[in-house]
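[1] 3D, please:
(3 chains)
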Amino acid sequence: MSLDAKIPEGPLKDKWTNHKNHINVVNPANKRHIDIIVVGTGLAGGAAAASLAEMGYNVKAFCYQDSPRRAHSIAAQGGINAAKNYQNDGDSTYRLFYDTVKGGDYRSREANVYRLAEVSANIIDQCVAQGVPFARDYGGLLDNRSFGGVLVSRTFYAKGQTGQQLLLGAYSAMNRQIAQGKIAMYNRHEMLDVVLVGGKARGIIARDLVTGEIERHSAHAVIVATGGYGNVFFLSTNAMGSNVTASWKIHKKGAYFANPCYTQIHPTCIPRSGDHQSKLTLMSESLRNDGRIWVPKKLEDVKAIREGKLKPKELKEEDRDYYLERRYPAFGNLVPRDVASRAAKERCDAGFGVNATGEAVYLDFASAIMRYGTTEAHIQGLHNPTQDQIRELGEKAVENKYGNLFQMYEKIVDQNPYKTPMMIYPAVHYTMGGIWVDYNLMTTIPGCYAAGEANFSDHGANRLGASALMQGLADGYFVLPYTVGDYLANDIRTGKIPTNSPEFDAAEKEVKDRLERFINIKGTKSVDHFHKELGKVMWDNVGMARNAEGLKEAMAKIKQIREEFWKDVRVPGGLNEMNPELEKAGRVADFLELGELFAKDALDRNESCGGHFREESVEIGGEQEGEAKRDDANFAFVSAWEWTGNPSEAKLHKENLVFHDIELKQRSYK
Amino acid sequence: MNLTLKVWRQKDGKAKGELVTYQIKDVSPDSSFLEMLDMLNENLVNEGKDPAAFDHDCREGICGMCSLYINGEAHGPGRLITTCQLHMRSFKDGETIYIEPFRAAAFPVIKDLVVDRSAFDRIQQAGGYVSVNTSGNTQDANSLPIPKDDADKAFDAATCIGCGACVATCKNSSAMLFVAAKVSQFALLPQGKVEAKRRVLNMVKQMDEEGFGNCTNTGACEVECPKGISLENIARMNREYFSAAITSEE
Amino acid sequence: MALSGFFLLFFLLQHLTINFISVISVDGFNATSHFMGTNPIVQIALQPVLAFGVIFHLMMGMRLELQNRASRPIKYAMNKPAENSSWMSRNMIITGIMIFLFLGMHFYDFWIPELNVKYLQGDMSGLIDPMNPDSGMRYWEELHHKFHDPIRTGLYVLSFVFLGLHLMHGFQSAFQSVGFNHRKYTPTIKKLSNIYAIVVPLGFILVAVYHFMTQS
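    Numbering: from 1, shown residues only, chains lettered A, B, ... in the order given. This next block holds a predicted model:
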């Protein structure tokens, strides 16, 4: 099958409008006879479910949590981008589009990104209309903040809980439809397979996580909005339950998996403290607006700090290496995430890591505190304030801006970040890769769509801060409602899809057999044991820097772990009950296949781009010495992998990326 | 650290549960409470026993999935945190820790420490929304200025994570703080004012139908709320309710 | 609860005022008591309202308690409510019932004899000896005599302590229930609440103790 991205004709800025004007529309009376399944209730899934139900379709929504409000979109902190240009700083749809494509290291699809930028302003309008309490200034208008990788202030936020507020907005829209009976909500349900009838997605098999019952659900279209697969690394900032299962099931039934190796490693996370660790905690990138990142210049100081003989704030200015400011004078501490993360790794690999594990750098607010304190003293009319007064005022100002983040840090690390610099280290945060979709967000299975982080479409090889929320809501509120209708216009005469067909029988049997297999292995090791082993291989060999040898080794090791898993895993409890270990087993089994494809993709892409850094592909000589080197001649394409029965033998399909409206340049933040 | 755990075990919603005592050794004081439970479960799996089920997901205090009544307090000792943010350094070596599910008639136990909080969803479905369809033509977000104080208060109310600690800790199992948070968020914003009366009447009605107890203003909910939702919101809801009930035409 | 609470708060103030007159002036107390006991508006209009207020407050309190108990069928094995709420706020039913029991005694002491004299015997004169206009008014004498007994005085004092505990939460809680919670004013209301909850019962105690101490 050849890949057709179905990008509409015409100039970039008119593509979406023209497309909307020409696609099919289902008449309101017919929508009542059409069912749509939405799996996942985060920003993309929740927004899609609500919008489609509002339009009149019968929606069935599924989430594994006990309520749609708990989807992991809720954890996004910093904000959501929109090209509103409220700050009069020259922002525009084009600039947002440009920043996103550049930030993604020219590995995203131009038309999709432009559409994203185009609908971004509308998202803010929609959310405000829903009662989302964004931050406002004293004039009562919306406030903005700036984020990494861009030169304008276009990020809308609700303190450090923007994702929560946006998700609760989508959740409230869903609630309205649930109350009207237009959405049938299935909480504590996990999709375990997609059902294809006549080559089209016509339903899913789901497990009720409370009773263990296997259920059949049919529909005319299936939307998978189940988020990213960062948990393949075991430790990530994802929720414990975040998984690849729904994406992986549709992949195995025919949906191509695109760019699995594009992973975002977020620079400002709390470093790990020991082996007991179950997940990592992210602190908003907005901290880099005011925090300065550094490590000591001298190794002996590093040693003294690790031994507790030297306190970081005692170190003189000239003995500190503000390495981001040194290497990237133009963007300084606000370079994009991938650049900041690699720079931290580079310093720590060189032995300058400041905690016991050697995997931490400082994020220091001392100078921001003094700067804000001085301003505050001016405002309050204090003449000749003392250093202590300034510091106190400054700490208050910083608390107003980042109070909740500082508090969170102190709870976890047990150190006061107002008094001593924070320690941070990169952690797996977001996966740009995902299910391949065309311009309509349809996968290579007709009638099966992927939205939000689950698809690959908009962020290329690296996502800019505050763009994930934008994409999730754009897909859910403003793209799928149109494009799904286009497809369903051909289904108005189909009638209800029966669930007693041989296709449903077969899919259900497959699911049940697999679950029984887990229980019957009765091995000796817990599911987590295998997950941790997989995570270690992924982090060591497929993490922030990758090379061919390491990737080959990773593929071999993952295969081995997978084989061992199927021989020796122990899943206690039964099938017909709430069984969290069984749920985990299913998810880890899928991660064990995805991990290998992930490494294979990373191996195949012998260039450095965005979050994917190949040690073989770096700039040699010149101003950019040591920086990532993209290879546009050979790799300006999307890698879409087709399942052939074994992850190592997945078949590669290339979607060439053509840039009409943007010039491919080296991403320089110097 | 070595600890004695008394954990509520209950096979399913119908079974009778009991507290079961477990010993756990070599717990790192830097690990979180849920990581300690992970460790307990890993031990139980290795011993061929059924691990204890508990709800959790984001493990950073925002999804509201984790619950647990730990040593007599919702989300354990410590203020403004959820169970997943509770660290073992808050306990002493050798301590006995009681771990029970959130208890309320409206929150039936599903298994072990997992409870059904869908009553909260149904309350939200009764009116916790602004009736606005997705539209490509909503008015510009800045066309309606909102006083910063109102926006901030609405945000503070909206930070509720729906964990149910307010219900669990209230001696009456009242859900007033939860309901008041949503009612307040919308009551404070012009977008929500249009249907404010219907909203508060319907949400309170649903709350009563779910079998939550009454508010007697003990204030325990505010103290135990991981997000510090203020009692002011309950007062605001009372105001809203009275005025809606008096002026309602039904 | 709150509305009847407010009403009762107001009533307590009025009751205390009259009681205090008994300390200051025998004649004043007699005159006021006679007025209250014989004025048709007070007796026919206000008294039933008060009775209704008390009974409503009690019945509602019991109903709330029963509903609240039903809302948590399985109790916690380990619970530390003192970590997040005051004893007073959690035990309104106990202090309330104690006050109700006290009311029984109080009615037995004053209200029932009063009804007997006025409405069964038909003596509306307010005199110690209705046949003798010079015998003086009976109210102060009766009141004074009641506190002859140290046990009864002690029970009264104890009841007022319960009343204080009840008010300590009840006063401010009533404001919250009717929706009054304001960042600027609520702290003051809480202070007032504490003052009221201490001063009013203390006033009643002082009156009782005064009569006990001045027995001859």
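[2] can you count the residues close to the closest residue in space to residue B:70 that isn't next to it in sequence?
    Nearest residue to residue B:70 in three dimensions, chain neighbours excluded: residue B:76, at 3.5 Å (C-beta to C-beta, 6 or more residues apart in numbering or on different chains). Yep, even glycine has a C-beta here, placed from its N, CA and C like the rest. Residue B:76: 22 surrounding residues under other C-beta atoms under 10 Å in any protein chain shown.
[3] does residue B:76 belong to a helix or a strand, and which?
    In this assignment (DSSP states H and E), residue B:76 forms part of neither any helix nor any strand.
[4] How confident was the prediction at it?
    On the pLDDT scale, residue B:76 is placed at 97.
[5] List the contacts of it.
    B:33, B:68, B:70, B:83, B:86, B:90 (C-beta atoms under 8 Å, 6 or more residues apart in numbering or on different chains).
[6] Columns pLDDT on top of those, output as TSV?
    Shown next, in TSV, are the contacts of residue B:76 (pLDDT from 0 to 100):
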residue	pLDDT
B:33	97
B:68	97
B:70	98
B:83	97
B:86	96
B:90	96
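[7] For those residues, which two are the farthest from each other?
    Comparing all pairs in the contacts of residue B:76 by C-beta to C-beta, the longest separation belongs to B:68 and B:90, at 13.5 Å.
[8] quick one, which of these two is more surrounded?
    residue B:68 (30 against 16).
[9] For residue C:136, grab the count of nearby residues.
    Neighbours of residue C:136 (other C-beta under 10 Å): 16.
[10] Could you report the separation of it from residue C:215?
    Noted for residue C:136: a distance of 18 Å to residue C:215, by C-beta to C-beta, to the nearest Å.
[11] which residues are contacting stretch A:474-486?
    Counting by C-beta under 8 Å, 6+ apart, A:19-20, A:23-26, A:36, A:43-52, A:55, A:115-116, A:119-120, A:122-123, A:126, A:170, A:221, A:223, A:225, A:439-442, A:449, A:451-452, A:455, B:134, B:136 sit against stretch A:474-486.
[12] Surely residue A:466 is in contact with residue A:82?
    No: Residue A:466 is beyond contact range of residue A:82, at 9.1 Å (criterion: C-beta atoms under 8 Å).
[13] Closest residue of chain C to chain A?
    Nearest to chain A in chain C, going by C-beta to the nearest C-beta, is residue C:183, at a distance of 17.8 Å.
[14] Please give the number of neighbouring residues around that residue.
    8.
[15] which parts of chain C sit against chain B?
    C:64, C:67-68, C:70-81, C:83-86, C:89-90, C:92, C:169, C:172-173, C:176-183 (C-beta under 8 Å from any C-beta of the partner chain).
[16] Now a PyMOL select for only the buried ones of those.
    Filtering the residues of chain C next to chain B down to the buried ones (16 or more other C-beta atoms under 10 Å in any protein chain shown) takes a single PyMOL command:
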select buried, chain C and resi 64+67+68+71+72+76+78+79+81+83+84+85+89+90+92+169+172+173+176+177+178+179+180+181
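[17] Strands - which of the residues of chain C next to chain B land there?
    Mapping those onto strands (DSSP state E) picks out no residues; all lie outside.
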